[in-house]
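J.: Structure, please.
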Amino acid sequence: MKAIKILLVDDDLKNSMLLKRFIEAEDYEVTYAGNGRTGLGLYDEIHPDLILLDINMPELDGFEVARIIRKTDKRVIIFFLTDRTDKVDRLHGFSLKGNDYIPKPFYPEELIAKIDERFESRTISQDIEYHLADTLFRPNLSSLTYRGETHSLSVRQTEILQMLAENIGQPVERDTILGQIWGDASYSNSLALNVQITYIRRLLTDPRLSIISIKKKGYILVAR
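T.: Numbers count the residues shown, from 1 in each chain. Down below sits the predicted model:
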């Protein structure tokens, strides 16, 4: 099986080397960059499956690195690893299509669990297609196709939409989504879910397809 490639971009060399060895012990392939500009260069070179991205760095900060990458790549997974925990920073990270926002300090085991879950979900989604009204949803490609036009979803958006598609016409509780995808129903994760639902709705251009909110309860994917 091809090794999953991870790009770790963080200017804290000592802790990064410890984290790199920990992740490599789990059979992931890890490349390290000590600043944002070097990270961008290595991103172009190795085409990683996942980027672990610090925010406060010399040369280019993590937000700018993510912004540049997302101009051309909507599918690479981005985890922000940072001590910037304010709500404004977290929401900005998700607005840049970050897939997770992990506050420092964190347990390496927690990060490994999130990485394992992320790539397990890709395997589970393989070869499944959903015909939703006039839209074709392919989770394994993280894509929505309507009348010949295809939109790319982030991995997190794909996971949310797949949960809704599996229960089309039926309510899916917010806490169920948060528990399965984020791991808990904390306030910050709840805000992140709101943001991701907004992005998914923008990508559902099929007028026969919509996500209906049930106040303080959850969501229903409706096909007319």
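J.: Quick check: nearest residue in space to Ile214, chain neighbours excluded?
T.: Pro171 (5.6 Å; CB to CB, 6 or more residues apart in numbering). Quick note: C-beta positions are derived from backbone N, CA and C, even for glycine.
J.: I figured the one you found hits Gly218, correct?
T.: Yes - using CB atoms under 8 Å, Pro171 is in contact with Gly218, at 5.0 Å.
J.: out of those two, which sits in the more crowded spot?
T.: Set Pro171 next to Gly218 and count neighbours by other CB atoms under 10 Å: Gly218 wins out with 18 against 15.
J.: Torsion angles phi and psi at the closest residue to the more buried one other than its chain neighbours?
T.: Nearest non-adjacent residue to Gly218, counting by CB to CB, 6+ apart: Glu173, 4.2 Å away. With angles defined as degrees, to the nearest 10, Glu173 sits at phi -70, psi 140.
J.: What separation do you get for Glu173 and Glu117?
T.: Look at Glu173 and Glu117: by CB to CB, to the nearest Å, they are 20 Å apart.
J.: One more: Asp100?
T.: From Asp100 to Glu117 the distance is 10 Å (CB to CB).
J.: quick one, helices of this structure?
T.: Secondary structure of the chain (DSSP state H): helices at 13-24, 36-46, 62-72, 87-95, 108-124, 155-166, 174-177, 187-203.
J.: what about the ones you listed, which gets the closest to His131?
T.: Smallest distance to His131 across the helices of the chain (CB to CB): 9.6 Å, for helix 155-166.
J.: Can you list the buried residues in the closest one?
T.: 155-165 (16 or more other CB atoms under 10 Å).
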